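J.: Could you work out the structure for the sequence below:
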Amino acid sequence: MVAGLPVKPRLTRRTPVPVTGIVHLGPGAFFRAFNAIYTADVMAKVGGDWGILAVSLKSPTARDQLAPQGGVFTAVEMGADGAIPRVVGSIAKVLVAPEDPEAVVAAMADPAVKVVSLTITEKGYCHNPATGRLNLAHPDIMHDLADLAQPHSAPGFLVAALARRRAAGIAPFTVLSCDNLPSNGVLARGIVLDFARAHDGDLATWIEAEVRFPATMVDRITPATTDADVARLADAEGYTDLACVQHEPFRQWVIEDDFTDGARPDWSEAGAQFVASVEAHETMKLRCLNGTHSALAYLGYLAGYETISDTVADPAFAALCGKLWQDEIVPTVPPPEGEDLSAYCTALLGRYRNPSIRHRTWQIAMDGSQKLPQRCLGTLADNLADGRVPKGLCLVVAAWMRYVGGVDEAGNVIDVRDPLAARLKALSDAAEGSGAKVAALLSVDEVFPPTLAADARFRDAVTAAYEALVSEGARGTVARYAG
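T.: Numbers count the residues shown, from 1 in each chain. Next up, the predicted model:
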């Protein structure tokens, strides 16, 4: 039990453990608030053996939280009218990959498993975000190529399991990426094929011909669970659930309908949309939602705001979102079928304002070197290609640069969580003056494509924004931009 939490009995399973049909890599809060709920809803409505074996690739935390509860957990919907808890039972078991990698490969190779889904965040793909290719120098990838019997990485586990199924004459599972990445199905396919080609060319040929990698667009704001959340649930419901998650009422899942032998849960029964292509929906979400989320995270954090709702309660930051959408983001987004982009953005601001969702700016700011290319740089490049200098998005880039420098406007140390954190801080610290700092960080080609970094319009606009952040502070700069 966590010190300071109410002494209550643990939540326990009161329903049968479902038969496993899905293996999921990355059983964090988003998976529990999204994939697990959709799947529970489908099984409750139409049945099916779609229980989820969840695999943690690094930490035992999820297993330690869920195992004593039989895999069940509480999902708390946080709306304007209060909290609505429900117990979710779609997780059958949790494995910790480093403790028993063979058990994970064996589970993925089981013929009953039809889908392997992923929420492993950008860094879990072990790729270069600027190119989308597998980073063959990544320590986990180097290990797995040398010893695929004991994988460390998601690509390693996927290829090891697919190799075992091929050797046994078993049809492959579908690889379903559910991470916030553009063309996530294409990315997952490319990463797996890059690994397979480096390991076994014949296996790569089989994967290329037989394995399906549908793209998805996922959307539900899910803050990190705090001890206060656990305590509040314990007081309200009379039990302790260390695995509980909080989420907003809204959810949207758009899925490319391309599964091996059509084997999948009918998630449409729970409100998911199966489509021929998710590209337009994905672009809408990544640019309109994730792009402004990152803008609010870096600029809001620098301005001293703890959460997104706190940040947009400031009229200057609400206006920042409106101006970014109208002038710089929506003009680059092809409208998805059935969507009104203006109404979508208006609804987004309402979601950001939900005071029940305490989504921390610091949490969203994590792993920015991985997120920035996907969420902002493509939009920025499209504006430049159309002859527009997107000063708002350049301000977001400058705010990220200021953030990874590791010191806030009051001189306090920022706890920067990023795979490149040490390198980024060293580059910033070694450079004197705003222009030099910007130039140094633009040289990181894992983040900035060389053609973009070399564009004088972009470089000059980011430098001017960085100088404004230093002289006027984040809030003053935002207020001046938003007008």
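
J.: List the contacts of residue 162.
T.: If you count contacts by C-beta atoms under 8 Å, 6 or more residues apart in numbering, residue 162 has them with 172-173, 192, 196, 203, 206-207, 211. C-beta: built from backbone N, CA, C; applies to glycine.

J.: switch the cut-off to 10 Å
T.: 105, 108-109, 116, 170, 172-173, 175, 192, 196, 203-204, 206-207, 210-211 (C-beta atoms under 10 Å, 6 or more residues apart in numbering).

J.: can you tell me which of those residues are in helices?
T.: 105, 108-109, 192, 196, 203-204, 206-207, 210 (DSSP state H).

J.: Now restrict those to buried residues only.
T.: Burial by neighbour count, 16 or more other C-beta atoms under 10 Å: within these this picks out 105, 108-109, 192, 196, 203-204, 206-207.

J.: Buried residues, the longest helix seen in the chain. List them.
T.: Longest helix in the chain by number of residues (criterion: DSSP H): helix 456-482. For helix 456-482, the neighbour count (16+ other C-beta under 10 Å) marks 458-459, 461-469, 473-475, 477-479, 481-482 as buried.

J.: hang on, the earlier thing: closest one to residue 33 out of the contacts of residue 162, please.
T.: Set against residue 33, the nearest of those by C-beta to C-beta is residue 116 (19.8 Å).

J.: pretty sure the closest one contacts residue 172?
T.: Yes - between residue 116 and residue 172 there is a contact under C-beta atoms under 10 Å: 9.4 Å.

J.: who touches both of those two?
T.: Common contacts of residue 116 and residue 172 (C-beta under 10 Å, 6+ apart): 158, 161-162.

J.: Check the secondary structure at residue 13 for me.
T.: coil (DSSP: H, G, I helix; E, B strand; the rest coil).

J.: What about the closest residue to residue 213 other than its chain neighbours, how many residues nearby?
T.: Distances taken as C-beta to C-beta, 6 or more residues apart in numbering place residue 189 nearest to residue 213, at 3.9 Å, with adjacent residues excluded. A count of nearby residues for residue 189, using other C-beta atoms under 10 Å, gives 20.

J.: Quick check: residue 189 vs residue 261, distance?
T.: Going from residue 189 to residue 261 by C-beta to C-beta, to the nearest Å gives 18 Å.

J.: so where do the strands sit in the protein?
T.: All strands of the chain, identified by DSSP state E, fall at 20-25, 51-56, 73-79, 82-88, 91-96, 115-118, 174-177, 216-219, 245-247, 252-256, 273-275.

J.: The ones you listed into CSV, with extra columns for mean neighbour count and distance to residue 414?
T.: Output for those, formatted as CSV (neighbours: other C-beta atoms under 10 Å; distance: least, C-beta to C-beta, whole Å):
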stretch, mean neighbour count, distance to residue 414
strand 20-25, 24, 30
strand 51-56, 24, 27
strand 73-79, 21, 27
strand 82-88, 14, 31
strand 91-96, 22, 31
strand 115-118, 24, 29
strand 174-177, 26, 30
strand 216-219, 23, 28
strand 245-247, 24, 25
strand 252-256, 21, 32
strand 273-275, 18, 39
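
J.: Would you mind putting those strands into a markdown table with mean pLDDT and distance to residue 13 alongside?
T.: A markdown table is the format used below for those (pLDDT from 0 to 100; distance: least, C-beta to C-beta, whole Å):
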| stretch | mean pLDDT | distance to residue 13 |
| --- | --- | --- |
| strand 20-25 | 98 | 15 |
| strand 51-56 | 98 | 12 |
| strand 73-79 | 96 | 10 |
| strand 82-88 | 96 | 9 |
| strand 91-96 | 98 | 10 |
| strand 115-118 | 98 | 22 |
| strand 174-177 | 98 | 25 |
| strand 216-219 | 96 | 26 |
| strand 245-247 | 97 | 17 |
| strand 252-256 | 96 | 25 |
| strand 273-275 | 94 | 30 |
